[in-house]
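J.: give me the fold of what follows.
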Amino acid sequence: MRNLRRERETTLAEVATATGISISTLSRLESGSRRPTLDQLLPLARAHGVTLDELVDAPANR
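T.: Next comes the predicted model:
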């Protein structure tokens, strides 16, 4: 998620405002010290303009 945010040149504060997720939680999610819930993933995908699969780097269906 950190790479995605940096590619879009977005700050943690901007993502926090767009998603309603605190900066500290976003930081922990990006560092991997906390696992995201579905309730967090959906607004994160919307804020970054990607699908949920892209956000979690899901493998392609065969």
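J.: tell me the centre residue of the protein?
T.: Centroid check for the chain by Cα atoms, centre = their mean gives L44 as the closest residue, at 4.1 Å.
J.: thought that one was touching R8?
T.: No - L44 sits out of contact with R8 when judged by Cβ atoms under 8 Å, with a separation of 11.9 Å. Heads up, the C-betas are built off the backbone N, CA and C, glycines and all.
J.: per-residue pLDDT, P59?
T.: With respect to pLDDT, P59 scores 63.
J.: swap in A45?
T.: pLDDT, read off for A45, is 95.
J.: what about it, neighbour count?
T.: Neighbourhood size, A45 [other Cβ atoms under 10 Å]: 19.
J.: which ones are touching it?
T.: T51, L52, E54, L55 (Cβ atoms under 8 Å, 6 or more residues apart in numbering).
J.: low-confidence ranges in this protein?
T.: By pLDDT under 70, the weakly predicted segments of the chain are 58-62.
J.: for the longest helix seen in it, the distance to its chain's centre please.
T.: Secondary structure of the chain per DSSP state H: the longest helix is helix 38-48. The chain centre lies 6 Å from the centre of helix 38-48; the measure is Cα atoms, centre = their mean, to the nearest Å.
J.: stretch 33-47 now?
T.: With Cα atoms, centre = their mean, you get 5 Å for stretch 33-47.
J.: mind checking the SS state of A13?
T.: helix (DSSP: H, G, I helix; E, B strand; the rest coil).
J.: neighbours of it, just the number please.
T.: Neighbours of A13 (other Cβ under 10 Å): 10.
J.: I'd say R28 and R34 touch.
T.: Yes - counting by Cβ under 8 Å, R28 does reach R34; the two are 3.9 Å apart.
J.: quick revisit: just the contacts of A45 now: which is nearest R2?
T.: Among the contacts of A45, L55 lies closest to R2 (Cβ to Cβ), at 12.1 Å.
J.: for the closest one, grab the count of nearby residues.
T.: Counted by other Cβ under 10 Å, the residues lying close to L55 total 18.
J.: ok, it - contacts?
T.: Per Cβ under 8 Å, 6+ apart, neighbours of L55: M1, L4, L41, L44, A45, H48.
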